[in-house]
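Q: dropping the sequence and predicted coords here.
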Amino acid sequence: MGGDWTSALDLAGTDPADLEEHFEREWFRGREYRHLSAARHGIERGTAVVDGVVVRGYPSLPRALVLDPTVPEFFDGPVAVEEKLNGYNVRLARVDGDLLAFTRSGFVCPYTTDIVSETVDATAFFDAHPERMLCGELVGPENPYTAHDYDDVDSAAFYVFDVRDRESGAPMPVERRRDCCREYGLDAVREFGTVTPAAAVDTVREAIRRLDAQGREGVVMKSADGRRALKYTTSTIHRADLAHAFGLPFDYGREFVFPRILREAFQAVEFDESDAEVRERARRLGEAVLTPAVETIRAVEAGDPVGETHTVRGDPEAIESLLSHFRDQGLALHVERDDREDGERVVTFTKVAHATRDKTEYYLAGGTVDE
Ligand code: ATP
Ligand code: MG
């Protein structure tokens, strides 16, 4: 890879050498590439450079803790309200004729690249828009990153929520993006309408009530030009995140759990809940926090592995490189199943949560805490 690869990025005065040292080197099927796994010098986390082609990271979206007055303060024109799906962020780009799938950190995921090549027909889109990337959420039960299940998705599905310029990261306006998805037969996230900023408060409240009842995550509001976005989420997902984190209590920090408890508190106030409703919210939150923690301590006591468990199924080579990527990252994997089915390799594995296992063992064996 040449020394001038940063020239493709708009560095806004940053010394390329400064930026370059933060990029990690990786390999994907014989190609060396670089990616930025943390934001640096105004360049988003997840920005990757493959064969001189720049694929910008997906930006971090601000969140509202209350809808009123945050939404009308944040937007000064029409607000498009879309469903926020709970899967993992994937950017698809065409590089030298190949469709590549990038995860949030800019890793070209061999497993996701294969899934997407089988389930998404993006050829016509990229023939017309080779310089764009499709940003979407990958959801489905068998994936190596997230665990959320949707009743209506039984295998992998990719829902587009953004079409951006690969190199500058500039988004396509919302209406145009939706037309584009229709035109090229790409699945898109659900929409709840486009309304004025003042009306959006009620539209979102209504959508959130419905999504919450269905166990879904929330919404993302966007300005018509796609440049401003704001997220807001359901109580269900706050509890699900807390349950997940408290199931691995020493692997998730306070910076993960504390904001989720506050989201619940602000939501209870905004939804103007009665004392009884607040008590019910508190009971469910308490259960979400304590039940999984108790289960985990019991599991460690019994000597069972603790961590996030996933199943992946696909081309044996893609699975092998995915698993070695995890191991290279320092993850210990506990493999529960490793079979072949119709020429595919099926692996169920747990990303071993070391800190939770080791600290729990230590306390159960009589270790003390300084607090
Ligand atoms: P960060 O805080 O950096 O944004 P995160 O993954 O914790 O990272 P989330 O709270 O999950 O952020 O919210 C942003 C993510 O929501 C996006 O990166 C994207 O993967 C996902 N998402 C799902 N649906 C949409 C949508 N309709 N529009 C935009 N993003 C969406
Ligand atoms: Mg997410």
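A: It's in. Computed from a predicted model, the values in this text were never measured in an experiment. Residues are numbered from 1 along each chain as shown. Ligands and ions are numbered 1, 2, ... in the order given.

Q: could you export the worst-scoring helix or strand of the chain on mean pLDDT as CSV, keeping only the C-alpha atoms?
A: The weakest-scoring helix or strand in the chain, judged by mean pLDDT, DSSP states H and E, is helix 16-20 (a mean of 73). In CSV, the C-alpha atoms belonging to helix 16-20 read as follows (Å, rounded to 0.1, in the frame of the first residue of the first chain):
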residue,chain,number,x,y,z
PRO,A,16,-1.3,12.6,7.4
ALA,A,17,1.6,10.9,9.3
ASP,A,18,-0.3,11.8,12.6
LEU,A,19,-3.4,10.1,11.3
GLU,A,20,-1.7,7.2,9.7
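
Q: which secondary structure elements does the helix or strand following that helix contact?
A: Counting by DSSP states H and E, the element after helix 16-20 in chain order, helix or strand, is strand 24-28. The helices and strands touching strand 24-28, judged by 3 or more CB pairs under 8 Å, 6 or more residues apart in numbering; DSSP states H and E, are strand 31-35. Just so you know, the C-beta spots here come from the backbone N, C-alpha and C atoms, and that holds for glycine as well.

Q: ok, residues contacting the strand it packs on?
A: Contacts of strand 31-35 with the rest of the structure, by CB atoms under 8 Å, 6 or more residues apart in numbering, involve 1, 5, 23-27, 46-51, 102, 105-108.

Q: also stretch 186-198?
A: The contact list for stretch 186-198 (CB under 8 Å, 6+ apart) reads 71-72, 74-85, 120, 122, 125, 134, 136-137, 157-161, 174, 177-178, 180-182, 203-204, 206-207, 219, 224.

Q: wondering if that stretch reaches ligand 1 at all.
A: Yes. Using CB under 6 Å from any ligand atom, we find that stretch 186-198 touches ligand 1 at Val189.

Q: begin at 239, not 1, for the rest of this chat.
A: Sure, I'll start numbering at 239, so the last one becomes stretch 424-436.

Q: in that stretch, what counts as buried?
A: For stretch 424-436, a neighbour-count test (16 or more other CB atoms under 10 Å) marks 424, 426-427, 430, 432-433, 435 as buried.

Q: spell out the secondary structure type for the residue of the stretch 439-588 of the chain found nearest ligand 1.
A: Closest contact between the stretch 439-588 of the chain and ligand 1, by CB to the nearest ligand atom, is at Val458 (3.7 Å). With DSSP: H, G, I helix; E, B strand; the rest coil as the basis, Val458 sits in strand.

Q: does it touch Asn324 like I think?
A: No. Counting by CB atoms under 8 Å, Val458 stays clear of Asn324, with 11.8 Å between them.

Q: got the buried residues of stretch 424-436 as JSON lines, with pLDDT and distance to Val584 columns?
A: As requested, the buried residues of stretch 424-436 are exported to JSON lines (pLDDT from 0 to 100; distance: CB to CB, whole Å):
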{"residue": "Leu424", "pLDDT": "98", "distance to Val584": "28"}
{"residue": "Ala426", "pLDDT": "98", "distance to Val584": "30"}
{"residue": "Val427", "pLDDT": "98", "distance to Val584": "29"}
{"residue": "Phe430", "pLDDT": "98", "distance to Val584": "37"}
{"residue": "Thr432", "pLDDT": "98", "distance to Val584": "43"}
{"residue": "Val433", "pLDDT": "98", "distance to Val584": "46"}
{"residue": "Pro435", "pLDDT": "98", "distance to Val584": "48"}
